[in-house]
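Novice: Let's see this in three dimensions:
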Amino acid sequence: MKKIRLTHLDGKLPNLALMKLAHWHKANGDEVSLARTPSPSMMEGAYDVVYGSSIFGWSSKVVARLKAAYPDAIIGGTGTGDFVTVESYLGVEEYEHYDYSIYPEYPFSIGFTQRGCRLNCGFCVVPKKEGKPRALKTIYDIWRTDTPRCVVLLDNDFFGQPKDDWQARLNEIHEGGFKVSFNQGINIRLVYPEAAAALATLQYSDDQFQTRRLYTAWDNLGQEKIFFRGLEMLKDAGIPASHLMVYMLIGYKPGETMEEILYRYQLLKDAGCKPFPMVYDNLDPKLKKFQRWVIRRYDDIVPWETFSTRTYRPHPEQLSLPLHAQV
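Specialist: The predicted model follows:
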């Protein structure tokens, strides 16, 4: 029997790669434990194998700490730039078994109905890692029996899979009375009336199933017309802009100015959407400050010009304002 350490390096949702590894090693009689910190605690002993999974590129410092603590650790995930899959490491073609017991507090079900993406954005590893869209699982494959009928989908391009497949998934959602969270977002640039109408019929939610929410993105200013064309399609189908959380990629386009970022932000606010800045260059303190201004809702109480030029300390009552949402 081997002792296995699975290290959850970032992200608040359960990590499917670690859940696969947990299932695999337990099936082989190994002892598995999950850690959420890269460095060992005082009570931890030695391990035969240490894994780490990172989904965000800005977690490089945490990855480095894991490597320092465990030089032989096997580290993967989209945040590392390494396209090696769990299956390739295990030496199998496909392994779709997950051990939820390493996340005992998590009550929902999570997974993919499809893999791949129709686009080829330079900042995204999905097309390189997964290729073109293809159907993968049904809703019932993902849902855990005897748990709430709440399914978090990690699909990168739900409507990119063959039409017969996405329609079958929607039928399963309706027939089963499922609530669904499209956690990775709906591609608003490629939405069309039939897809918008289909979305409007669903019980879509945030990933905690507390708020009506659809996620999408507006990555650069040049996509203004196509973004708002998609927004109008969703509104025509009955989906209000207030249901949309829009991830704003900032810091990726060379030469992008703060004026351009504020212009995009203000258009989203005026339209009734909820902007959520995503900083590509995590080392840029001004962009991180802008992200904090929006996410922490300081934008409701102090102008950016004031917030950006000095250390702003709000009244204690203002600190209790809720976040727009969790990533």
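
Novice: For the helix or strand containing Glu305, buried residues please.
Specialist: Secondary structure from DSSP states H and E places Glu305 in helix 304-309. Neighbour-count burial for helix 304-309 flags 304, 307 (criterion: 16 or more other CB atoms under 10 Å). The way it works is simple: take the backbone N, C-alpha and C, and place the C-beta from them, glycine included.

Novice: The residue nearest to Arg36 when sequence neighbours are not counted: how many residues sit nearby?
Specialist: Leaving aside its chain neighbours, Arg36 sits nearest to His8 (4.9 Å; criterion: CB to CB, 6 or more residues apart in numbering). His8: 23 surrounding residues under other CB atoms under 10 Å.

Novice: next one: Gly91
Specialist: 7.

Novice: Please name the residues that touch it.
Specialist: Applying CB atoms under 8 Å, 6 or more residues apart in numbering to Gly91 gives no contacts.

Novice: where does it land on pLDDT?
Specialist: If you check Gly91, the pLDDT there is 90.

Novice: contacting residues around stretch 184-201?
Specialist: 117-119, 153-160, 166-167, 170, 174, 214-218, 223, 226-227, 230-231, 233-234, 236-239, 247.

Novice: Tell me where the model's unsure across the protein.
Specialist: 119, 121-125, 127-129, 281-282, 311-327 (pLDDT under 70).

Novice: State the distance from the most centrally placed residue in it to Tyr70.
Specialist: The residue lying closest to the centre of the chain (CA atoms, centre = their mean) is Gln184, at 4.8 Å. Separation of Gln184 from Tyr70 (CB to CB, to the nearest Å): 30 Å.

Novice: Output stretch 26-46 as PDB, restricted to C-alpha atoms.
Specialist: The C-alpha trace of stretch 26-46 is given here as PDB (Å, rounded to 0.1, in the frame of the first residue of the first chain):
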ATOM      1  CA  LYS A  26      -8.100   3.700  -3.700                       C
ATOM      2  CA  ALA A  27      -9.000   1.000  -6.200                       C
ATOM      3  CA  ASN A  28      -5.400  -0.200  -6.100                       C
ATOM      4  CA  GLY A  29      -5.500  -0.300  -2.300                       C
ATOM      5  CA  ASP A  30      -3.500   2.900  -1.600                       C
ATOM      6  CA  GLU A  31      -4.100   5.400   1.200                       C
ATOM      7  CA  VAL A  32      -5.200   8.700  -0.100                       C
ATOM      8  CA  SER A  33      -5.300  12.100   1.600                       C
ATOM      9  CA  LEU A  34      -6.200  15.600   0.200                       C
ATOM     10  CA  ALA A  35      -4.300  18.700   1.200                       C
ATOM     11  CA  ARG A  36      -5.100  22.300   0.300                       C
ATOM     12  CA  THR A  37      -1.700  23.800   1.200                       C
ATOM     13  CA  PRO A  38       1.500  23.200  -0.800                       C
ATOM     14  CA  SER A  39       3.700  22.800   2.300                       C
ATOM     15  CA  PRO A  40       3.200  19.900   4.700                       C
ATOM     16  CA  SER A  41       1.800  20.500   8.200                       C
ATOM     17  CA  MET A  42       3.700  19.500  11.300                       C
ATOM     18  CA  MET A  43       1.500  16.400  11.600                       C
ATOM     19  CA  GLU A  44       2.100  15.000   8.000                       C
ATOM     20  CA  GLY A  45       4.400  12.100   7.500                       C
ATOM     21  CA  ALA A  46       6.200  10.900   4.400                       C
END
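
Novice: Sounds good, over and out.
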